[in-house]
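**Q** Mind looking at a prediction? Sequence and model below.
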Amino acid sequence: MKFIELNITSNFTFLKGGSHPEEYANRAAEIGMEAFAIADENSVSGIVRAHKACLDIKYIFKESKISQKKIHNTPRLIPAAKLILKNNIIITILAQNRVGWGNLSRLISKGRLSAPKGGCVLDTDDVLEFGENLILLIHPTNEAQKIKSSPNIWKLEVGKILKVLRKKTFFLMSPVYDGNDRKRFTHFSKIAKHLNILTVASGSPLMHSGSRRRLTDILTCIRENLHI
């Protein structure tokens, strides 16, 4: 089974991503990944650089026999963004085509215009308004884990989305690497079954290579106001 990464964070997500969009593109080409999605928080700023890198890789791929570059294929870039709604619902949104790309851009523009400079304010209704030709990957939250208990914001808001966009909505599952991932994935699978939606696996990378681990640790410390 071939795997493509749909939830990549680049350095265009301030103090979180440790790698440039073009570095992810080059890495995808090196390992033979057919497609990948740059999904920065409330932004599509990294898409241009990733797209440019894919065009460069396409040229190199054609000349690979001469240049001896270790390029296995030309990866396809999927335009995306990770939206953090004002009710703390998190959704990675993928554009299916040009219409979807236009809708995603309009959605983020609406959020930016509704907030002070640097902010983005969106809610579930905004996502539904621009939902045509978009695929939604719902992130689990602490409230998601209480879905079988009394109604909560996560359950209600996801329910609104599923009424309109059920066939294009999936439940995103990513590892935390804390030793409890297997238990967590089992629990999330039950939630997805309860919601009657399919799950999507993602590594949710913050860097293109382990060599950036120290950098991303420093970014995390700055973001969380911690000392190494």
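**A** Thanks, I have the structure now.

**Q** The helix or strand harbouring Tyr59: how far from the chain's middle?
**A** Per DSSP states H and E: Tyr59 is located in helix 47-62. How far helix 47-62 lies from its chain's middle: 20 Å, per C-alpha atoms, centre = their mean, to the nearest Å.

**Q** Now do it: which elements does it pack against?
**A** Using 3 or more C-beta pairs under 8 Å, 6 or more residues apart in numbering; DSSP states H and E, the elements in contact with helix 47-62 are helix 21-31, strand 76-84. The C-beta positions use only the backbone N, C-alpha and C, and glycine is treated the same way.

**Q** Thr92 is nearest to which of those?
**A** strand 76-84 (4.9 Å; C-beta to C-beta).

**Q** so the helix or strand following the closest one versus helix 47-62, what angle?
**A** Going down the chain from strand 76-84, the next helix or strand is strand 90-95, by DSSP H and E. If you take axes from the mean of the first three to the mean of the last three C-alpha atoms, to 10 degrees, strand 90-95 sits at 50 degrees to helix 47-62.

**Q** if we look at strand 90-95, which residues are touching it?
**A** For strand 90-95, contacts defined as C-beta atoms under 8 Å, 6 or more residues apart in numbering pick out 6-7, 37, 39, 78-85, 100-101, 103-104, 107, 127, 133-139, 141, 172.

**Q** mind listing which of these are in strands?
**A** 6-7, 37, 78-84, 134-138, 172 (DSSP state E).

**Q** What is the most widely separated pair among those?
**A** Most distant of the ones in strands among the contacts of strand 90-95, by C-beta to C-beta, are Ile78 and Ile84, 19.5 Å apart.

**Q** How confident was the prediction at Ala28?
**A** With respect to pLDDT, Ala28 has a value of 94.

**Q** what's the weakest-modelled helix or strand in this protein?
**A** helix 64-67 (a mean of 51; mean pLDDT, DSSP states H and E).

**Q** that older thread, for the record, mean pLDDT for the helix holding Tyr59?
**A** Mean pLDDT, helix 47-62: 88.
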